[in-house]
Every structure is written in structure tokens, then in C-alpha cells.
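Trainee: Any chance you can model this:
(chains A, B, C and D)
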There are 2 protein chains.
Amino acid sequence: MGVIEKVAKSRLRQTTDVVETPLVPRVDQLPVDRIIQQDCIEAMRALPAACVDMIFADPPYNLQLGGDLNRPDGSHVDAVTDEWDKFDSLNAYDAFTRLWLAEARRILKPNGTIWVIGSYHNIFKVGSAIQDLGFWILNDIIWRKANPMPNFKGTRFTNAHETLIWASMGEKAKYTFNYRSMKTLNDELQMRSDWEFPICGGQERLKKNGTKVHPTQKPEALLYRVMLACTKPGDIVLDPFFGTGTTGAVAKRLRRHWIGIEREDSYVEAAQERIDAALPLDESAVTTMQAPRQAPRVAFGVLLENGYLSPGAVLSDAKRRWRAVVGVDGNLRSDCGNAGSIHKLGATLQGAPSCNGWTFWHHETAEGLKPIDSLRQTYLLATQP
Amino acid sequence: MGVIEKVAKSRLRQTTDVVETPLVPRVDQLPVDRIIQQDCIEAMRALPAACVDMIFADPPYNLQLGGDLNRPDGSHVDAVTDEWDKFDSLNAYDAFTRLWLAEARRILKPNGTIWVIGSYHNIFKVGSAIQDLGFWILNDIIWRKANPMPNFKGTRFTNAHETLIWASMGEKAKYTFNYRSMKTLNDELQMRSDWEFPICGGQERLKKNGTKVHPTQKPEALLYRVMLACTKPGDIVLDPFFGTGTTGAVAKRLRRHWIGIEREDSYVEAAQERIDAALPLDESAVTTMQAPRQAPRVAFGVLLENGYLSPGAVLSDAKRRWRAVVGVDGNLRSDCGNAGSIHKLGATLQGAPSCNGWTFWHHETAEGLKPIDSLRQTYLLATQP
DNA sequence: CTGAGATTTGAATCGCTAT
DNA sequence: CATAGCGATTCAAATCTCA
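Mentor: Next up is the predicted model:
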């Protein structure tokens, strides 16, 4: 195999995974980046085995609402009364859950993961089925709603969260988890299992003639975090209950492939329009969000050696509380005389036990202060194939 | 039945529920305020049906139940190593869960509630069984740990919460929920389904020779909130997995009766010591935390009879959208000809299914419009001792 | 245009009692 | 068991209205 071929193969590996095993279908053999208008179980049956990297599912919750509900001021609460959320019994819901989960398992790659979101009405049935089918639960995640609907009658606790289950194909599976991305996203603290987001509203909420297109549209921020945490650019994310296509819009933005399955005309139409309008992030931005750990380690000194930063340069933290001068060996020295590595000095100045110097220290650019991590990213982009 | 008897019965009903039905055993016929050292299923079997007001359960989380674990057919489950055993063990855990939950259901009063705490390892199995057995889930509650153990390997999200399920005996059950207590506790905002507490440590954590007595001792704050929300003083709270007796200690403090079931010598001993040392709150303190007393009902007509309002007076809603004239019998008649009670007319005019006339209708005063409820308050102040 | 105040709304298993 | 009467009950965010 010549050099050219090697490079080509290596590029393929990075973007599509098609050479992972000959049994895995290639991206161009799959209906990616489009909506399949069909029942989700039938549509999944038509797909080959082990073909997607992630499944994100927001199935019907099987709410069992009584009569009408009015707020204390007399106004009416617009409840989820759609046909797609009606099941004959708890057993019928259970059976439906196990059917679609079994198909999901079949089309998921061995190292893929599944995410399912739900509330107390259905999530225990979902989680139980997931375990019975052989999936291995990695975390349950709590979406804490910043602005939940109150309990108007004062009969229970405000239902202020929903639950997501994240599971791999089995205990030994080598799933993707971009630990560094999550830690960076969370201000250099490990990302916890409880996430706070507002419910979907404002500009993001799809409306037609002033009324919401879908009763349960999920916030993009939620999908963004899920995909950033557990997929790589070029991965295929399938959503069997596509609705208005939040999964597709975020996947396109993050340069992941997506497959959406949805039956309802009105949802399909709205989703397609929305995704067409979504803009993919700049490729470099997506790369930056990937885990630095997988990238080769770069010592700070390497940036000096390669001219990305010069000895004598002045760095400061994001709020310009501290300044430090870069020494020839890559050590920093602060105004007050402390010295050390980028990490050590950051920790010392803040009185913290540790500090990520890459994100703590900033350098002056034409567009203002930027973390020195961006220099490392630039360096990696320039030097990696 | 004479008046005295009626009063006596009414008082009994408030404090102990023993006269609710003759089938319910009296407190003095039950092994309350002590620990039963026995297997939890056997111990529950020895109790009469419908005898406790709440069950709080903190069952084993993991699947390594060792000797405790038997298959539905009675055969023993050995150590779990390979995939088959895992599946087998999951089934065994499921069976165990359904067994103890079925007994729990039998001994719970019709209007009692059950709380179960767990993590993603077991909570889906527990919740699924709870639903299958006919319980009606009221809320799932998230305990957000203020100081969770980090994920040391950086392989997943920090497991920073546990889940509690709160369920009644059925959809129609009249469970206890001290809404006002919860709202007061939460700074006059509705209590949400996500609660933040630190994990149990410091003085509260039971230790012997420097090592913790129990690996998963729950914080008293958690039990405090659960009991304050869903029981009344004098109620009986049973804990089938008593451990070091957090449930008993908090029950004693809040003047609830408790029954603890625990097998292990070391836990029983530690729990007994701990509960003996716990001090019940002053009775008035416990009473104060209950919901504010029901004000005696006052019919609208009483205000007319006593001259607080005169027939012919004109009432309106806060925004003066509607006006109505008070009739001699306490009925209202609006400008447009509708008539009815203060509640009925308010509802009719707004096109709402119901309306609280006391707060909807206002009367003119020197300081502007005031709800007629203020007249009721004035009347009550003048007539109540 | 801006800010203050009013209005709207969101996956909701949402009342109790007497007749 | 159905119906009617009484009367208790909401939080945060986005949008709209108006001075």
C-alpha cells in the first residue's frame, strides 16, 4: 500500500468509520441526512444491522391525563392529548417499548450508545426494558427544568425534571465519551448527571399560525450536550421519534450525520424546513470541541519552539485579574514574583488545588483575549494530517 | 350518637386514623417504635394488612445480593460473572423486588404512600414493579447530591443524584400531602421534584472504631422532608431495610411512630442506640409545621345576615370587567342577567369550569377594590375566640 | 427607543364532600 | 356512582402593551 492510499484510508477512518469492520455498511449506503416518513419500527427494520453510532429517542410518554386542567386564574392548560400518546394499557405500552428498543439494538453499532428521554410515566418501563435487552446503563441524567409548569392544584411536588438514560450495547463495549469536552463545557469541573436547561420556547420553539407545531419540542441545548459528549464528527445519529427534528438540526450543526424517522406530515414538513435552515458550525470549531485527550499531547513549550507564542509574551486570565510573562522554557512568572508551569501558577494565584492552564491563561489577539488553548488547537490543526 | 362522641371521634380521626375502618389495627396492637430483627419479607408477612401509613424503603442497589437472592423457583443464585449469570441475576433481583413490594402493598393502608430510593442500577426495575403492582406514581424525586463522589476514571458523567419514587395505593387514593408545609419550607415557592442535600457525613455519620457503620447511610434531612410532606403526627412509618435507622430517628423526632426491619446485628445495635438518643421535637413545633388550620367555613349569606355587606351592594372583579348586585339571599345578579352564587356566577362570566368567588369578587372601599374574602376574615376575627 | 407592567404559556397521570 | 356546590390553587421566561 502506497503512501497516498494510506492517507486516503486514514481520512476515511476519521470521518466515516467505514473501515472499522467490513460488516458495517458505509455511510453512502445508508439514508443519512434525511427524514424517513414511516412507522419507526418498520423503518428501523429496513435498515441493516449495526449501522448507526448513536440513537437518540424521545418516545411517547404514555401520559394518562384525567379531565381538563385550569390554572388558578381560570385559563386552560394545553395538554398533550395527541393520538400518538394514547395506549390501551400499561402492558401495551410496555410491549411497544420493547419492540422499538429491540430494533434499535439491532441497528446500533457494537460500540454505539442509546439515549432515551422520559418522565416518571414511562421511564421506569423504558429503563427496565433497556436492561432486559442486554444494554448496559452508563448513567441516568436529570434534565432540571429552569422554568417548569407549576402544580396548579397544590396536590404534588412540581414536576420539574425529566430523565434521560444513556446505555451502551453491553458491559464491555467501548463507547465514545468525550470527557474533556464535557469538563471544558462545565468550567473545568466534571460534568454531573444533573443538567439544567430552560424548556424550549422563544425563537427556538417552532410555531405555525401562532400555535406550537409540536407539544413536546426538546431544547437544542440538550441534544447539543448529548451529541458533543457521545459522538464524533461524521458519526451517524438516528432518532426514531423525530418530531420537529431537534436531533437533525443539532447533528447538522455539529457535523454529524443524522437519520430521522417520523410519521406525521406536519412534523416532517416543519423538521425539514428547520434543518434546511440550520447552518453547520465551522469545521475548526467542531474540531475544537472534540476531546483534547484523543489529540496528541502538546507541551506548552512546543508552542514556543514553533513560534505560536514568543517568550516574553504577556498572558492574563479571562478577567485580567492576574498577568504573567512567558519564560523561555515555558514557565510563567507573575507580577508578584510567583513562577511555575501554566497549570501550577494558575492554581497558585487562585489558591486552588489545581488549574487547567490551557483554559485559564489568555493571550491578546485582534479579537480580544483568547485562551491559549486556541493556540494549541491551531497548532494541532496545522500539524495533524 | 351525641355531640361529645362525635367530637371524640373526629379528634381520633385526625391523630391516628384508627377509626377509619374497623379492619385497621390499632397502634397498640402493632409492634411500633421498635426494630424487628428478621428478613424483611418474613417480618412484613407477620404484620396485619392495611396497618401502616407510609413505607420508606432503601433496598439494596446492586445485583450482588449473594445469599439473599433466590430465583422465583426457590433455587439459589450464585456469584455473577458471565453474561448469562448477569441476565439471571437481573431476573432474580426483579423477583426479589416484586416479592417485597407485594408485601409492602399488603400492609399499607388504602390511603398510605410508599417511598423507594434507588440509583440507575435498580430504580427502573423498582419503578416498573411498582406500576405493575397497581401503585400509582405521584412523583419521582431527584436527590441532587451537593458533594457527590467524582468519577475518578473520567469514563462517565459524575453520578451526582439518586432517585426516589413516591406512589399511592391507586389512582383514586386520598394520600396525605402537606402542601403548605412544603411551600413554607421552600421559601414560599412550590417544592420542586429536585431536592439538594449533601451526602451523609460529619457528626451525623455513624462510625465505629473510626469506620462507617453502614455504607449507604441516608441523610436525615432527606427523611425529614419525606415525612414532613406525606405523614401526620402519630402516623406509622415502616422501613423494611432499616439499616442504621435514619427513618426511626427522624420519625421519633417528628413524633411519628416507626417500625424498622433489619437483619444484621451490627446495624440493629447502632440503630437502637441512635434512636434512643434522638429527642422528639416539642409537640407544638410539630404542630406548627403542619398545614395552617382550616378556617371554619362561612357561608356568603352570613355576611349579609350580620351586616358586613348589604343586599343591593355592587360587586365587581378586580379589573372591573364584570359587575353584579347582591341579592337578599346571597345570590348575585350580573348586568347581563346571569345569576348564581358568588362561585357559580364568577365561573359563568369567565367561561371557566370553576371559580373561587371569595377572591374573584371585590367590593368598593376607601382604599379601593378589595376582595370580599377580607370581609370574611373580618367576620371571623370578630366572632372566633 | 426604552422600561415598566401585563399577559401568556409550558410532557400534568392536578379536589373534596354531600346528595 | 354521577352530579352539583363549595372554594383552594401557579413559577419562570418570553412576549406584548403602553407610557
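
Trainee: Is it correct that residue A:47 is in contact with residue A:30?
Mentor: Yes: using CB atoms under 8 Å, residue A:47 makes contact with residue A:30 at a distance of 7.2 Å. Where C-beta positions appear, they are placed from N, C-alpha and C, glycine not excepted.

Trainee: Just the strands from the stretch 251-385 of chain A, written as ranges.
Mentor: A:257-261, A:314-317, A:323-326, A:332-334, A:339-340, A:361-365, A:368-371 (DSSP state E, counting those that start in this stretch).

Trainee: between those, which gets the lowest average pLDDT?
Mentor: Among those, strand A:339-340 carries the lowest mean pLDDT, a mean of 76.

Trainee: hang on, the earlier thing: which of the strands of the stretch 251-385 of chain A is buried the deepest?
Mentor: Neighbour counts averaged per stretch over the strands of the stretch 251-385 of chain A are highest for strand A:257-261, at a mean of 26; criterion: mean count of other CB atoms under 10 Å in any protein chain shown.

Trainee: who does that strand touch, helix- and strand-wise?
Mentor: strand A:34-36, helix A:40-45, strand A:236-239, helix A:246-253 (3 or more CB pairs under 8 Å, 6 or more residues apart in numbering or on different chains; DSSP states H and E).

Trainee: Strand partners (parallel or antiparallel) of the third one?
Mentor: Yep, that's strand A:236-239 we're talking about. strand A:52-57 (parallel), strand A:257-261 (parallel) (DSSP bridges).

Trainee: now the last one: how far from the chain's centre is it?
Mentor: In this view, strand A:257-261 has its centroid 15 Å away from the chain centroid, taken as CA atoms, centre = their mean, to the nearest Å.

Trainee: Can you confirm whether it lies near DNA strand C?
Mentor: No: Strand A:257-261 lies out of reach of DNA strand C by CB under 7 Å from any atom of the strand, never closer than 14.6 Å.

Trainee: Other residues contacting that strand?
Mentor: With contact meaning CB atoms under 8 Å, 6 or more residues apart in numbering or on different chains, strand A:257-261 is reached by A:27, A:30-36, A:38, A:40, A:43-44, A:47, A:52, A:234-242, A:245, A:247-248, A:251-252, A:271.

Trainee: again, only this time at 7 Å
Mentor: A:27, A:31-33, A:35-36, A:38, A:40, A:43, A:52, A:234-240, A:242, A:245, A:247-248, A:251-252, A:271 (CB atoms under 7 Å, 6 or more residues apart in numbering or on different chains).

Trainee: sorry, back to before: how about the strands paired with strand A:236-239 in CSV, adding distance to residue A:132?
Mentor: Output for these, formatted as CSV (distance: least, CB to CB, whole Å):
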stretch, distance to residue A:132
strand A:52-57, 16
strand A:257-261, 23
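
Trainee: what about those, which gets the closest to residue B:180?
Mentor: Ranking the strands paired with strand A:236-239 by distance to residue B:180, with CB to CB as the measure, places strand A:52-57 first at 39.5 Å.

Trainee: Now the closest one: average pLDDT?
Mentor: Mean predicted lDDT for strand A:52-57 stands at 98.

Trainee: What would the helix or strand following it look like as PDB? C-alpha coordinates only.
Mentor: Using DSSP states H and E, the next helix or strand after strand A:52-57 towards the C-terminus is helix A:90-107. Written as PDB, here are the backbone C-alpha positions of helix A:90-107 (Å, rounded to 0.1, in the frame of the first residue of the first chain):
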ATOM      1  CA  LEU A  90     -49.600  -0.100  30.600                       C
ATOM      2  CA  ASN A  91     -48.900  -3.600  29.200                       C
ATOM      3  CA  ALA A  92     -49.500  -2.300  25.700                       C
ATOM      4  CA  TYR A  93     -47.000   0.500  26.300                       C
ATOM      5  CA  ASP A  94     -44.500  -2.000  27.700                       C
ATOM      6  CA  ALA A  95     -44.800  -4.200  24.600                       C
ATOM      7  CA  PHE A  96     -44.400  -1.200  22.200                       C
ATOM      8  CA  THR A  97     -41.400  -0.100  24.200                       C
ATOM      9  CA  ARG A  98     -39.700  -3.500  23.900                       C
ATOM     10  CA  LEU A  99     -40.400  -3.700  20.200                       C
ATOM     11  CA  TRP A 100     -38.800  -0.500  19.200                       C
ATOM     12  CA  LEU A 101     -35.900  -0.900  21.600                       C
ATOM     13  CA  ALA A 102     -35.200  -4.400  20.100                       C
ATOM     14  CA  GLU A 103     -35.000  -2.900  16.600                       C
ATOM     15  CA  ALA A 104     -32.800   0.000  18.000                       C
ATOM     16  CA  ARG A 105     -30.400  -2.500  19.400                       C
ATOM     17  CA  ARG A 106     -30.200  -4.400  16.200                       C
ATOM     18  CA  ILE A 107     -29.200  -1.300  14.100                       C
END
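
Trainee: Can you tell me what sits against whichever helix or strand comes after helix A:90-107?
Mentor: Where DSSP H and E defines the elements, the next helix or strand beyond helix A:90-107 is strand A:108-118. If you take CB under 7 Å, 6+ apart as the criterion, strand A:108-118 is touched by A:24, A:50, A:52-59, A:61, A:104, A:126, A:135, A:162-169, A:173-175, A:226, A:230.

Trainee: same check, this time on stretch A:351-364
Mentor: Against stretch A:351-364 from outside (CB under 7 Å, 6+ apart): A:184, A:188, A:309, A:313, A:315-318, A:341-343, A:346-347, A:369-373, A:376.

Trainee: do stretch A:339-349 as well
Mentor: Contacts of stretch A:339-349 (CB under 7 Å, 6+ apart): A:300, A:322, A:324, A:331-334, A:338, A:353-358, A:360-361.

Trainee: domains in chain A, as residue ranges please.
Mentor: Split into domains by the TED database, chain A comes to A:27-65+A:78-285, A:300-383.

Trainee: Just put those domains in TSV and tack on distance to residue B:148.
Mentor: What follows is the domains of chain A, written out as TSV (distance: least, CB to CB, whole Å):
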stretch	distance to residue B:148
domain A:27-65+A:78-285	7
domain A:300-383	18
